[in-house]
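> Below: sequence and its predicted model.
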Amino acid sequence: MNAYWTASRKIYLIGSVHFYLYHGKPQGFWGGFQMDREALMCYADAYTQMLESGHFFFGAHPDIFCATVEKWNADCEDCAERICSTAKRLGMPLEINVSGWLKQEQQANKLGFASAEEAVAAGHPCPRPYPQDDFWRVASKYRIQALVNSDAHDPLVLTKYMEDGYAMAERHGIELIRPFG
């Protein structure tokens, strides 16, 4: 490597929690597990510890827990409050991850529909795991910074739904940062 490349390259580490300890065992977000209050607080513990580690530039999809709750409730609110208050205290941005819209679309496609709206109209549940308006409503109270991003896992759909993410931020008065240009 030449000196210019080494000196000008920036490295960003993104923190996320895909598994957390629940009853002493790793617990994830997929496979039908429904989070109760205890699981939500375990997730909040893991997420705040990740933020507090100081290793990461921002916290990824903080609202991923919404994939495992039937509907937003007081326990979800408490989980969001803990994450957002920690992010505010640390000055840590959080991510509005638009790939949840992609996951919702993919679920509808598996059911044979072109869109989630069509699947829902036909009586099939097709929930969007994240981003969740309720989470970002809580985040707006803390005036945290955020960025719109995607972990689409496919370059062909990387920017799909980005405008929806920007609209979500605007709807909730979330200040956006643009660290990548």
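Yep, that arrived.

> residue contacts, the residue nearest the centre of the chain?
When the chain is reduced to its mean C-alpha position, the nearest residue by C-alpha atoms, centre = their mean turns out to be residue 61, at 1.8 Å. Neighbour list for residue 61: 16, 95, 97, 99-100, 130-131, 151 [criterion: C-beta atoms under 8 Å, 6 or more residues apart in numbering]. Heads up, the C-betas are built off the backbone N, CA and C, glycines and all.

> I figured residue 151 was touching residue 60, is that so?
Yes: with contact defined as C-beta atoms under 8 Å, residue 151 reaches residue 60; the gap is 7.2 Å.

> And the helices in this structure?
3-8, 37-52, 74-90, 99-110, 116-121, 133-142, 162-172 (DSSP state H).

> how about those, which one is nearest residue 20?
helix 37-52 (3.8 Å; C-beta to C-beta).

> What are the buried residues along that closest one?
Residues 39-44, 46-48, 50-51 are the ones in helix 37-52 that count as buried (16 or more other C-beta atoms under 10 Å).

> starting at the chain centroid, how far to that helix?
14 Å (C-alpha atoms, centre = their mean, to the nearest Å).

> What of stretch 117-126?
23 Å.

> pull the CA atoms of that stretch into PDB?
Output in PDB follows, covering the C-alpha atoms of stretch 117-126 (Å, rounded to 0.1, in the frame of the first residue of the first chain):
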ATOM      1  CA  GLU A 117     -49.700  -4.000   0.200                       C
ATOM      2  CA  GLU A 118     -51.200  -6.600  -2.100                       C
ATOM      3  CA  ALA A 119     -50.400  -9.400   0.400                       C
ATOM      4  CA  VAL A 120     -52.100  -7.500   3.200                       C
ATOM      5  CA  ALA A 121     -55.100  -6.700   1.100                       C
ATOM      6  CA  ALA A 122     -55.500 -10.400   0.400                       C
ATOM      7  CA  GLY A 123     -55.400 -11.200   4.100                       C
ATOM      8  CA  HIS A 124     -51.800 -12.300   4.500                       C
ATOM      9  CA  PRO A 125     -49.800 -10.800   7.400                       C
ATOM     10  CA  CYS A 126     -46.700  -9.200   6.000                       C
END
